[in-house]
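Asks: How does the following fold in three dimensions:
(one chain, ligands or ions: 5)
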Amino acid sequence: MSGGAPDEFGLIAELFAPLAAGFPGALGLTDDAAFIPAEPGYDTVATMDSMVAGVHFLPDDPPDLVARKLIRVNLSDLAAKGAEPRLLLLSAAFPVGVGQDWLRAFGAGLAEDVREFAVHLIGGDTVSTPGPLTLTLTALGRVAAGRGLKRSGARAGDTIWVSGGIGDGALGLKAIRGQLPGLAAAHLEFLAGRYRLPQPRVGLGPRLVGLAHGAMDVSDGLVQDLGHLCRASGLAARIAAARVPLSPAAAAALGHDQSLLASVLAGGDDYEVLFTAPPGAEESLTRLSAELGVALTAIGSVAPGETGKVAVTGPDGRDVDVGQGGWRHFGDPQQGE
Ligand SMILES: Nc1ncnc2c1ncn2[C@@H]1O[C@H](COP(=O)(O)OP(=O)(O)OP(=O)(O)O)[C@@H](O)[C@H]1O
Ligand SMILES: Cc1ncc(C[n+]2csc(CCOP(=O)(O)O)c2C)c(N)n1
Ligand SMILES: [Mg+2]
Ligand SMILES: [Mg+2]
Ligand SMILES: [Mg+2]
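Replies: Ligands and ions are numbered 1, 2, ... in the order given. Coordinates of the predicted model:
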């Protein structure tokens, strides 16, 4: 890539192969496939999420942050299964005219988070596209055999918990688009940062094994995602909007405009862990939260009822209607905003 225009094999050798160096089975990204030794006593946990320019991130978002967000949205799914992240496979479809500077910055972002999360890039594919930049990552992790957390694990009477703060990502997109007038610059910057660079709860997830019953990460929107967890568990949920944890920036945004509550509850891009646990787990979770420095907040409970139904008590005590409760590709009125 140095010197002339980057070509497919130059890209692989210069940007991607260094990220495989720590994993012998990746064969330096010079073979047809990678070899992963089986690990007795563990389940391999596999997940894949794609990101498309203009759909999941903004076309002019900084390339290093696009790369890091791609890794992080996938590690968020592993964390929600109680798994420790290990290996990545990347499919990158770069627009035909992509520049060297963009690619180098993208590679630097990948390298940064590969280091940060102690994972290895063991394979993938590099292609050109006449369409928008499209990135797909497969992440593999491991969890003690049979101990992984599932959406279907919630039990009637469990408390619903969520990590971190909800709504920052969706409000961050609004901040970048200039749709939060009057909010202090520091708040706008914080929210934009949360949209562009989510914080997967990799430390928390594995520690929830044995404590949490049902678990998933919040990507589409709190209410819709909780509905998925409830449906998988054959239960219904009620949460209180006033208990949903807000960052100071999100709280300030809501202070300006109460109608932003819908974005908080259903906007998505949160990448926090949503889980249920029996009421008796509260003390352990409070201790874990302090130990990890990650907020854990009880927001409601699950019970028998209309399977998959999520009711939200509003700040005024009346039920809030958040429609379908989250993002949907195809047929989502939020799309094309
Ligand atoms: N094209 C597909 N082929 C096979 N399985 C799929 C496909 N799309 C989704 N799935 C599977 O459907 C389930 C739900 O996927 P979904 O993408 O909604 O979950 P998620 O990754 O947790 O959420 P998000 O995509 O919002 O981050 C997962 O088991 C996923 O592997
Ligand atoms: C530019 C832009 N417009 C809208 C959104 C909102 N958004 C898009 S996909 C998605 C759910 C998770 O994706 P998936 O289910 O595909 O993993 C959300 C919340 C965004 N992030 N960026
Ligand atoms: Mg997905
Ligand atoms: Mg996901
Ligand atoms: Mg998920």
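
Asks: Could you tell me which residues of the stretch 101-250 of the chain lie near ligand 2?
Replies: Applying CB under 6 Å from any ligand atom, we find that the stretch 101-250 of the chain lies next to ligand 2 at 173, 219, 220. For every residue, glycine as well, the C-beta is placed using N, CA and C.

Asks: pLDDT value on residue 6, please?
Replies: On pLDDT, residue 6 comes in at 72.

Asks: Just confirm it contacts residue 102, I think it does.
Replies: No: contact criterion CB atoms under 8 Å: residue 6 and residue 102 do not qualify, at 10.0 Å.

Asks: in the stretch 101-250 of the chain, which spans are strands?
Replies: In the stretch 101-250 of the chain, the segments counted as strands under DSSP state E, counting those that start in this stretch are 120-129, 134-144, 159-163, 215-218, 236-240.

Asks: which of the residues in the second one are buried?
Replies: By that I understand strand 134-144. By 16 or more other CB atoms under 10 Å, the buried positions in strand 134-144 come out as 134, 135, 136, 137, 138, 139, 140, 141, 142, 143.

Asks: Using a markdown table, please lay out the residues you listed together with distance to residue 169 and pLDDT.
Replies: Shown next, in a markdown table, are these (distance: CB to CB, whole Å; pLDDT from 0 to 100):
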| residue | distance to residue 169 | pLDDT |
| --- | --- | --- |
| 134 | 20 | 98 |
| 135 | 18 | 98 |
| 136 | 20 | 99 |
| 137 | 18 | 99 |
| 138 | 22 | 99 |
| 139 | 19 | 99 |
| 140 | 25 | 99 |
| 141 | 22 | 99 |
| 142 | 27 | 98 |
| 143 | 26 | 99 |
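
Asks: Pull the residues that contact the helix or strand containing residue 290.
Replies: For residue 290, the element it lies in under DSSP states H and E is helix 282-292. Residues from elsewhere that reach helix 282-292 (CB atoms under 8 Å, 6 or more residues apart in numbering): 159, 161, 203, 204, 207, 211, 277, 295, 296, 298.

Asks: again, but for stretch 81-88
Replies: In this structure, residues lying in contact with stretch 81-88 by CB under 8 Å, 6+ apart are 23, 34, 36, 45, 47, 71, 74-75, 78-79, 114, 117-122, 137-143, 147-150, 202, 205-206, 208-209, 212, 215.

Asks: Just the buried residues out of these, in PyMOL syntax.
Replies: To isolate the buried members of these in PyMOL, using 16+ other CB under 10 Å:
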select buried, resi 23+34+45+47+71+74+75+78+79+114+117+119+120+121+122+137+138+139+140+141+142+143+148+149+150+202+205+206+208+209+212+215
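
Asks: residues contacting the residue in the stretch 151-300 of the chain that ligand 1 sits nearest to?
Replies: Distance from ligand 1 to each residue of the stretch 151-300 of the chain (CB to the nearest ligand atom) is smallest for residue 219, at 3.4 Å. For residue 219, the contact set (CB under 8 Å, 6+ apart) comprises 49, 73, 76, 77, 225, 268, 269, 270, 271, 327.

Asks: Can you tell me which of the residues you listed are buried?
Replies: Among those, those classed as buried by 16+ other CB under 10 Å are 49, 73, 76, 77, 225, 268, 269, 270, 271, 327.

Asks: Quick check: end-to-end length of stretch 268-275?
Replies: One end of stretch 268-275 sits 16 Å from the other (CA to CA, to the nearest Å).

Asks: any residue of that stretch up close to ligand 4?
Replies: No: using CB under 5 Å from the ion, stretch 268-275 never reaches ligand 4; the gap is at least 8.0 Å.

Asks: Report pLDDT for residue 165.
Replies: You'll see residue 165 listed with a pLDDT of 98.

Asks: Appreciated, that's everything.
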